[in-house]
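[1] structural data only, the sequence is not supplied:
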């Protein structure tokens with residue numbers, strides 16, 4: 001790191017080619033407003049990336065150590081700002097596990113290309129750290145960060161319900177239905193919590209009531225859960241040391257991968273904007289090898305919320321469909337996408353009627369593609385909806401409207 005001297009450095013960021021002079025103006029403005037010298041990361045700058053480290057004073061007189069990285073698309077897009085220091089001292093909201101500060105809402109109007117980093121910090125940094133001022137009405141559940149703690153290329157998940165509130169209980173067990181398999185030599189775990197008990201099955205707290213996607217060949221295991229309301233967010237540099245503490249040494253199940261066990265950590269968090277609830281972290285521990293040479297691996301399984309309230313939360317207007325029964329006659333270029341939209345939006349019961357089959361020539365304007373060729377339109381849509389939108393019950397009829405069925409009423 002070298003201090004900014006007031007003149008342009010030898011190496012320049014990629015975006016300076018399109019915005020000549022902007023680098024010097026940006027650094028001059030930041031240097032004037034910061035609480036000390038601005039230091040440049042020479043190694044990054046040699047690769048065309050501007051990364052800087054500097055101090056910034058709050059209105060209280062407190063000084064913060066910050067770093068900022070400018071995207072290649074600056075100034076069309078804002079710099080990314082992070083706190084430096086001990087993650088244990090970071091605020092609970094608006095700051096990620098590695099110190100990233102959420103300074104702007106999702107609306108693109110909040111950042112304008114004429115703005116500088118100093119402008120952004122002056123207007124938003126203190127508000128973000130103190131949780132004051134205008135903000136997007138969305139929650140910051142802790143599992144969002146844990147879900148992204150490890151790479152998830154195979155679609156791992158564990159499904160829970162936001163209405164499950166374990167307040168007042170410190171530990172227990174849960175029944176998990178799951179399937180564990182290999183996909184491209186990588187682990188794929190898909191599961192759903194079926195039931196939660198307090199203690200060693202002394203009291204059933206919750207049973208699953210929401211519709212879950214089918215898990216062919218599902219096994220069942222008993223997972224151990226513990227409450228830890230002081231659980232920190234995952235830290236990439238310390239993750240290997242964090243994970244063993246989330247393994248509660250519960251019941252093992254034998255699979256083609258080896259012996260596995262599931263552990264759940266429960267923590268009070270903000271599920272929705274200013275609405276607290278219980279968040280879940282799921283750890284899968286895989287044991288391989290002989291008894292004397294056993295090797296264990298830890299996998300963070302992303303936890304997703306699939307309860308009745310969760311699926312319609314972002315679009316409240318769809319609530320009217322949740323108890324609706326709708327008949328759809330004709331599954332052509334209009335009917336087939338309409339069937340999917342109704343299922344996607346949570347209609348309870350959908351009855352679909354058509355006599356035709358799906359041909360290659362249909363699919364240029366039909367809802368599904370080659371996987372549906374040769375199937376009846378009703379069958380293709382019913383199978384797809386059952387797999388993708390299990391909350392909707394589908395009844396299909398292969399009938400030709402206007403032709404006698406030949407049936408007599410009994």
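    It's in. Owing to the predicted nature of the structure, the values given are computational and were not obtained by experimental measurement. Numbering: from 1, shown residues only.
[2] show me how this protein divides into domains.
    2-130, 143-310, 315-397 (automatic domain parsing).
[3] okay if I get these as TSV plus mean neighbour count?
    Using the backbone N, CA and C atoms, a C-beta is placed for each residue, glycine as well. What follows is the domains of the chain, written out as TSV (neighbours: other Cβ atoms under 10 Å):
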stretch	mean neighbour count
domain 2-130	16
domain 143-310	17
domain 315-397	17
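[4] out of the ones you listed, the one nearest residue 137 is which?
    domain 143-310 (4.4 Å; Cβ to Cβ).
[5] average model confidence for the closest one?
    In this model, domain 143-310 has a mean pLDDT of 90.
[6] please apply the same query to stretch 5-19.
    According to the model, stretch 5-19 has a mean pLDDT of 91.
[7] before we move on, the earlier item: can you list the domains of the chain in CSV and add distance to residue 137?
    Shown next, in CSV, are the domains of the chain (distance: least, Cβ to Cβ, whole Å):
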stretch, distance to residue 137
domain 2-130, 10
domain 143-310, 4
domain 315-397, 12
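[8] which outside residues touch stretch 240-258?
    For stretch 240-258, the surrounding residues in contact (Cβ atoms under 8 Å, 6 or more residues apart in numbering) are 173, 180-182, 187, 219, 221-226, 232, 234-235, 259-263, 265, 281, 283, 285-288, 298, 300.
[9] who are the contact partners of the nearest residue to residue 228 once chain neighbours are set aside?
    Among residues not flanking residue 228 along the chain, residue 265 sits closest, at 5.3 Å (Cβ to Cβ, 6 or more residues apart in numbering). Going by Cβ under 8 Å, 6+ apart, residue 265 touches 225, 226, 227, 228, 231, 246, 280, 281, 283.
[10] quick check: phi and psi on residue 265?
    phi -110, psi 130 (degrees, to the nearest 10).
[11] list the beta-bridge partners for it.
    residue 226, residue 281 (DSSP bridges).
[12] likewise the one 10 residues further on?
    Using DSSP bridges, the beta-bridge partners of residue 275 come out as residue 272.
[13] tell me if I'm right that it and residue 139 touch.
    Yes - with contact defined as Cβ atoms under 8 Å, residue 275 counts as touching residue 139 (6.5 Å).
[14] so what does the residue nearest the centre of the chain have for phi and psi?
    Here the mean C-alpha position of the chain is nearest to the C-alpha of residue 144 (Cα atoms, centre = their mean), at a distance of 5.3 Å. When read as degrees, to the nearest 10, the backbone of residue 144 gives phi -60, psi -40.
[15] what about the helices in the protein?
    22-33, 42-45, 117-120, 126-130, 143-147, 239-242, 308-312, 335-344, 377-388 (DSSP state H).
[16] strands along the stretch 301-410 of the chain, start to end?
    Ranges of strands within the stretch 301-410 of the chain are 303-305, 325-329, 349-353, 393-397, based on DSSP state E, counting those that start in this stretch.
[17] can I get these in TSV including distance to residue 167?
    Formatted as TSV, those follow (distance: least, Cβ to Cβ, whole Å):
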stretch	distance to residue 167
strand 303-305	17
strand 325-329	37
strand 349-353	35
strand 393-397	34
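[18] of all those, which one is nearest residue 208?
    Taking Cβ to Cβ as the criterion, strand 303-305 is the member of the strands of the stretch 301-410 of the chain that comes nearest to residue 208, at 12.4 Å.
[19] what packs against the closest one?
    helix 143-147, strand 157-160, strand 275-288 (3 or more Cβ pairs under 8 Å, 6 or more residues apart in numbering; DSSP states H and E).
[20] poorly predicted segments of the stretch 301-410 of the chain, please.
    Residue ranges of the stretch 301-410 of the chain with pLDDT under 70: 402-410.
[21] if we use 90, what do you get?
    Applying pLDDT under 90 to the stretch 301-410 of the chain picks out residues 308-323, 346, 362-363, 387, 390-391, 398-410.
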